[in-house]
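*Asks:* Next come a sequence and a model predicted from it.
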Amino acid sequence: MRNLFNVLVIVLSAALGLVLIGVILESPSPARVRLSEEVLMQIDASGVTHPVTAVLLNFRGYDTLLEVMVLLLALLGVLAQMGKQKRKNPPAGFYLTEPRMQVLLWLARVLVPLMVLVAGYLLWAGGHQPGGAFQAGAVLAAAGVLLNLSGLLPSWIEPAWNLRAGLVSGLLVFLLIAAAVMATASPGLLLQYPPASAGMLILLVEIGLTLSLGLILAGLFLFLSGDAIDDEADK
Amino acid sequence: MSGLILDLLLVIALLWSALRSLMTRDLFRAVVLFIVFGLLMALVWARLHAPDIALAEAAIGAGLTGALLLDTVGYLRKKQRESFS
Amino acid sequence: MSGALIYACAGAVLFVSGVAGLILLPHLLRKILAFNIMGSGVFLVLVGLGQRDGTPDPVPQAMVLTGIVVAVAATALALALVRRLLSLTGKIQFPEEPEGAGRFWKNKQ
């Protein structure tokens, strides 16, 4: 019975795959709506020169706003699950004596400032070439994960007030700028940046997003890895 | 012509790593194959003229997701070892 | 048959194999892997189909960027739930339902 079910599922999904491939190959080329040209026509009014950044932070800025909210919700879900777990902290003396951990420690200490520099560059370069807040935030999160895996940064258990402020600051900056723009420059329209100051506003939003995103993505790993099976750290 | 051959090879490698990741018996090997799949996806995004997505996929899709999954596999192994001892 | 269309078809195959893996694999971690493969397949279809004629289109690229970040957040939440389920029940698969408990046309009460 089980094998029949397996075979049935595989056959049905193969049929679905063939139908999807047929639909993809048969779809007519877009005649009327050419989104890439429309973006290129309006890109001067957006404040940045790279089209993907313009779409992400200006033309579809609402999607980015909701995305940061979804990330915070996921982090809240992770925090709710990791209730009163014990901290997986290695005793400090252990790491400093093993030779291979010395190399990891040295590598972490050299690489992390470089990663912060790369994140800053990616944030700045997002305006005119591929880059932007998400890539910079991902590099910062990777720096946080590297610090945790080499023992320099303990896993997070319960966020203190400064971590909470950092996690929320990106969303708050975005909301404040949206509210300020809606109150002064374009009343009634959400996230309609005035073309003169759009570049500066987008840069401010991206700075807040980078910091916040780095903390949120690193937090997704660091809160999750703080699980200890028993008191291994206390042995 | 050579571009098309490169696309075909990338697609074959992508599908092979994804299917092997789903079908292999060892969980650690499945996660490692998933990380390989993520890095091949980064190459595919570069071929599709999408460098932003390539950066994000390599860092977030392969890197962070891979780190999360490997951490969970380690947790599962430790828990299995404990329940048997 | 441009390169982008080949990737769109590959995305469809990835999506379908992810669906089959999600249904058939009992281990929860493998379900999470299958779900991520499904997501990557959808992203490939989105960008590949939109760039059929070769010109890069920034709108689906921005959507896929958003999608990748949301997928990692969903994966992290799913992994947290898997750990919690493991510490509560000791099993890494969904608990089997007793006979008759899941049927809605028999025992109504």
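*Replies:* Here it is on my side, so go on. As the structure is a computational prediction, the values presented were derived from the model and not from experiment.
*Asks:* Flag every buried residue along stretch A:179-188.
*Replies:* A:181, A:185 (16 or more other Cβ atoms under 10 Å in any protein chain shown). (C-beta placed from N, C-alpha, C; glycine too.)
*Asks:* Show me what it is in contact with.
*Replies:* Contacting residues not belonging to stretch A:179-188 are listed as A:189, A:190, A:191, A:192, A:193, A:194, A:197, A:201 [Cβ atoms under 8 Å, 6 or more residues apart in numbering or on different chains].
*Asks:* Compare these and tell me which is most surrounded.
*Replies:* residue A:193 (24 neighbours; other Cβ atoms under 10 Å in any protein chain shown).
*Asks:* how far away is it from residue A:16?
*Replies:* Separation of residue A:193 from residue A:16 (Cβ to Cβ, to the nearest Å): 43 Å.
*Asks:* what does residue B:16 give?
*Replies:* From residue B:16 to residue A:16 the distance is 21 Å (Cβ to Cβ).
*Asks:* returning to what we had before: what two of the contacts of stretch A:179-188 have the greatest distance between them?
*Replies:* For those, with distances taken as Cβ to Cβ, the pair at the greatest spread is A:190 and A:197 (16.7 Å).
*Asks:* Show me the shaky parts of the chain.
*Replies:* By default, I'm working from chain A. Filtered on pLDDT under 70, chain A yields the residue ranges A:30-32, A:83-100, A:227-235.
*Asks:* You answered for a different chain; I wanted chain B.
*Replies:* Those would be B:85, if you go by pLDDT under 70 across chain B.
*Asks:* what do you get if the cut-off is 90, keeping everything else the same?
*Replies:* B:1-3, B:75-85 (pLDDT under 90).
*Asks:* got the residues of it near chain A?
*Replies:* Contact residues (Cβ under 8 Å from any Cβ of the partner chain) of chain B with chain A: B:50-52, B:55-56, B:59-60, B:63-64, B:67-68, B:71-72, B:75, B:78-79, B:82.
*Asks:* and those residues, which are buried?
*Replies:* B:50-52, B:55-56, B:59-60, B:63-64, B:67-68, B:71-72, B:75, B:79.
*Asks:* how about those, which pair is most distant?
*Replies:* The two members of those with the most space between them (Cβ to Cβ) are B:51 and B:79, at 40.6 Å.
*Asks:* buried sites along stretch C:23-42?
*Replies:* C:24-25, C:28-42.
*Asks:* Up against chain A, what does chain C have?
*Replies:* Near chain A, when you scan chain C using Cβ under 8 Å from any Cβ, you find C:5, C:8-9, C:12-13, C:15-17, C:19-20, C:23-24, C:45, C:49-50, C:52-53, C:55-59, C:61-63, C:65-66, C:69-70, C:72-74, C:76-77, C:79-81, C:83-84.
*Asks:* List only buried entries from those.
*Replies:* Buried residues within the residues of chain C next to chain A, counting neighbours by 16+ other Cβ under 10 Å: C:5, C:8-9, C:12-13, C:15-17, C:19-20, C:24, C:45, C:49-50, C:52, C:56-59, C:61-63, C:65-66, C:69-70, C:72-74, C:76-77, C:79-81, C:83.
*Asks:* which of the residues you listed are close to chain B?
*Replies:* Among these, chain B is touched by C:13, C:17, C:56, C:61, C:65, C:69, C:72, C:76, C:79, C:83 when using Cβ under 8 Å from any Cβ.
*Asks:* In strands, which of these fall?
*Replies:* Within these, no residue falls in strands by DSSP state E.
*Asks:* and of those residues, the nearest to residue A:29?
*Replies:* The shortest gap between residue A:29 and any of these belongs to residue C:56, at 15.8 Å (Cβ to Cβ).
*Asks:* so how far is residue C:40 from that closest one?
*Replies:* In terms of Cβ to Cβ, residue C:56 sits 19 Å off from residue C:40.
*Asks:* so what's the residue most central in space within chain C closest to, chain neighbours aside?
*Replies:* By Cα atoms, centre = their mean, chain C has its centre lying nearest to residue C:35, at 2.2 Å. Leaving out its chain neighbours, the residue that sits closest to residue C:35 by Cβ to Cβ, 6 or more residues apart in numbering or on different chains is residue C:22, at 6.0 Å.
*Asks:* Would you enumerate the residues in contact with the one you found?
*Replies:* Going by Cβ under 8 Å, 6+ apart, residue C:22 touches C:31, C:34, C:35, C:38.
*Asks:* which one among the residues you listed gets closest to chain B?
*Replies:* The closest of the contacts of residue C:22 to chain B turns out to be residue C:34 (Cβ to the nearest Cβ; 5.9 Å).
*Asks:* which SSE is residue A:29 in?
*Replies:* For residue A:29, there is no host helix or strand (DSSP states H and E).
*Asks:* Next, count neighbours for it.
*Replies:* Residue A:29 sits with 6 neighbouring residues when counted by other Cβ under 10 Å.
*Asks:* My read is that it contacts residue C:53, right?
*Replies:* Yes - counting by Cβ atoms under 8 Å, residue C:53 is a contact partner of residue A:29 at 6.1 Å.
*Asks:* so which of the residues of chain B next to chain A also contact chain C?
*Replies:* Restricting those to those near chain C by Cβ under 8 Å from any Cβ leaves B:50, B:52, B:56, B:60, B:64, B:68, B:72, B:75, B:79.
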